[in-house]
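Asks: Here is my input; please provide its structure:
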Amino acid sequence: MKTASTPQARFGQSHLTRRASLQALTALVALGFGSFSVGSAGCSADASGPKAPALPREPDGDAPETGIFTDNVDALFDVLVPAEHDESGAVTRSGAREVFADQVLGIENFVGLAIAQGFLPMAAESVAGSLTGLATGFRSAMNQQLDAFALVEKPLTPFRDLSRNAKERIVVRAFADKITAPGFQILRAAALTGFLGAVHSDAGLVQLGFPPFENFADGLAVSGYPRTRSGRRVDAAKEDLAKLAAAHELDDYTYNRPPAATPGGELSGVLDANGDLL
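Replies: As a prediction, this is how the structure comes out:
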């Protein structure tokens with residue numbers, strides 16, 4: 001996908017500095033993972049509050065993915081709608097990253113539109129509204145949020161550099177937490193909108209079995225049906241559709257046939273003789 005010349009140019013440093021680590025720790029405490037009191041000897045667990053985070057888990061067997069992703073949100077998209085790769089690492093099936101789903105965050109009032117369509121709960125609007133732009137302030141906040149979660153899994157390691165299993169554990173916890181869920185729901189809606197909505201690429205629809213757009217630049221998915229498999233429109237009044245179908249040359253969206261009757265169901269009240277809805 002298209003990126004700036006370096007990840008650092010777009011999203012800051014590619015590794016956690018001491019300052020960033022302390023910021024992530026502060027965010028972690030604010031989220032309630034643990035309550036700490038700071039004294040002259042450093043940080044100690046507050047017995048009256050939640051327990052401090054446990055020691056990091058042992059390695060789960062997955063290799064880290066250092067250097068693959070531009071930032072944590074980019075890595076999250078690959079968890080939400082993952083791509084598939086062959087043994088050499090080449091993409092065999094597109095995911096959210098391959099259809100540039102992160103660019104959906106740049107759509108003006110995306111959250112409002114998604115709520116209106118029922119893709120997001122109303123709570124998402126207050127989360128997005130408290131930050132400056134989905135593609136800027138919101139994305140930056142979610143990058144920090146993901147690093148705060150990552151601190152529990154593997155201290156001083158950005159979310160984007162964790163193993164696949166570790167990332168999936170974080171995503172499950174994020175959606176289960178009523179405080180963090182709205183922000184992650186927005187990113188999930190963006191990932192699915194980019195993949196299924198052909199916003200910047202039709203590769204997602206192609207993966208689902210739809211034909212490629214005839215002209216994606218002009219937003220033309222298909223010029224109409226019936227047509228031949230090569231894409232030529234067919235005039236049903238002048239050509240023999242049955243002959244074309246018998247020759248396996250017909251690409252008729254409706255297949256020119258009524259749907260099969262539901263076993264035990266009576267469809268005469270809802271379909272006409274051609275199989276169209278009354």
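Asks: okay, now Thr228: neighbour count?
Replies: 15 (other Cβ atoms under 10 Å). Just so you know, the C-beta spots here come from the backbone N, C-alpha and C atoms, and that holds for glycine as well.
Asks: count of neighbours near the closest residue to it other than its chain neighbours?
Replies: Of all residues not flanking Thr228 in the chain, Glu249 sits nearest, at 5.1 Å (Cβ to Cβ, 6 or more residues apart in numbering). For Glu249, the count of nearby residues is 14 (other Cβ under 10 Å).
Asks: ok, Glu249 touching Pro226?
Replies: No - with contacts counted by Cβ atoms under 8 Å, Glu249 stays clear of Pro226, the gap being 10.5 Å.
Asks: can you tell me how far the residue nearest to Thr228 sits from Ala174?
Replies: Remark: distance between Glu249 and Ala174 (Cβ to Cβ, to the nearest Å) = 50 Å.
Asks: now Ala123, nearest residue through space, not along the chain?
Replies: In space, Ala123 is closest to Pro182, 4.6 Å off (Cβ to Cβ, 6+ apart).
Asks: Alpha carbons of the host helix or strand of the one you found, as PDB, please.
Replies: Following DSSP states H and E, the helix or strand that holds Pro182 is helix 181-196. The C-alpha trace of helix 181-196 is given here as PDB (Å, rounded to 0.1, in the frame of the first residue of the first chain):
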ATOM      1  CA  ALA A 181     -14.400  -0.800  22.900                       C
ATOM      2  CA  PRO A 182     -15.800   2.300  21.200                       C
ATOM      3  CA  GLY A 183     -12.500   3.400  19.700                       C
ATOM      4  CA  PHE A 184     -11.800  -0.100  18.500                       C
ATOM      5  CA  GLN A 185     -15.300  -0.400  17.000                       C
ATOM      6  CA  ILE A 186     -14.500   2.700  14.900                       C
ATOM      7  CA  LEU A 187     -11.400   1.100  13.500                       C
ATOM      8  CA  ARG A 188     -13.200  -2.200  12.900                       C
ATOM      9  CA  ALA A 189     -16.000  -0.300  11.000                       C
ATOM     10  CA  ALA A 190     -13.300   1.500   8.900                       C
ATOM     11  CA  ALA A 191     -11.600  -1.800   8.200                       C
ATOM     12  CA  LEU A 192     -14.800  -3.500   7.000                       C
ATOM     13  CA  THR A 193     -16.000  -0.400   5.100                       C
ATOM     14  CA  GLY A 194     -12.700  -0.300   3.200                       C
ATOM     15  CA  PHE A 195     -12.700  -4.100   2.500                       C
ATOM     16  CA  LEU A 196     -16.400  -4.500   1.600                       C
END
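Asks: Give me the packing partners of that helix, helices and strands only.
Replies: helix 72-80, helix 110-116, helix 123-129, helix 139-153, helix 164-176, helix 203-207 (3 or more Cβ pairs under 8 Å, 6 or more residues apart in numbering; DSSP states H and E).
Asks: Touching, Phe100 and His200? I think so.
Replies: Yes - using Cβ under 8 Å, Phe100 is in contact with His200, at 4.1 Å.
Asks: Return every residue with contacts to both of the two.
Replies: Residues touching both Phe100 and His200 (Cβ atoms under 8 Å, 6 or more residues apart in numbering) are Gly194.
Asks: of all the helices and strands packed on helix 181-196, which lies closest to Ala190?
Replies: helix 110-116 (6.9 Å; Cβ to Cβ).
Asks: list the helices and strands that closest one packs on?
Replies: Going by 3+ Cβ pairs under 8 Å, 6+ apart, helix 110-116 lies up against helix 123-129, helix 181-196.
Asks: burial measure for the residue nearest to Ala123, as a count.
Replies: 19.
Asks: what's the distance between it and Ala128?
Replies: Distance from Pro182 to Ala128, by Cβ to Cβ: 8 Å.
Asks: Hmm, Arg232 and Gly224 touching each other?
Replies: No - taking contacts as Cβ under 8 Å, Gly224 lies outside contact range of Arg232: 10.8 Å.
Asks: Any buried residues in whichever strand or helix holds Ala245, and which?
Replies: For Ala245, the host element (DSSP H and E) is helix 241-246. Within helix 241-246, the residues that count as buried by 16 or more other Cβ atoms under 10 Å are 244-245.
Asks: on contacts alone, who are the packing partners of it?
Replies: Counting by 3+ Cβ pairs under 8 Å, 6+ apart, helix 241-246 packs on no helix or strand.
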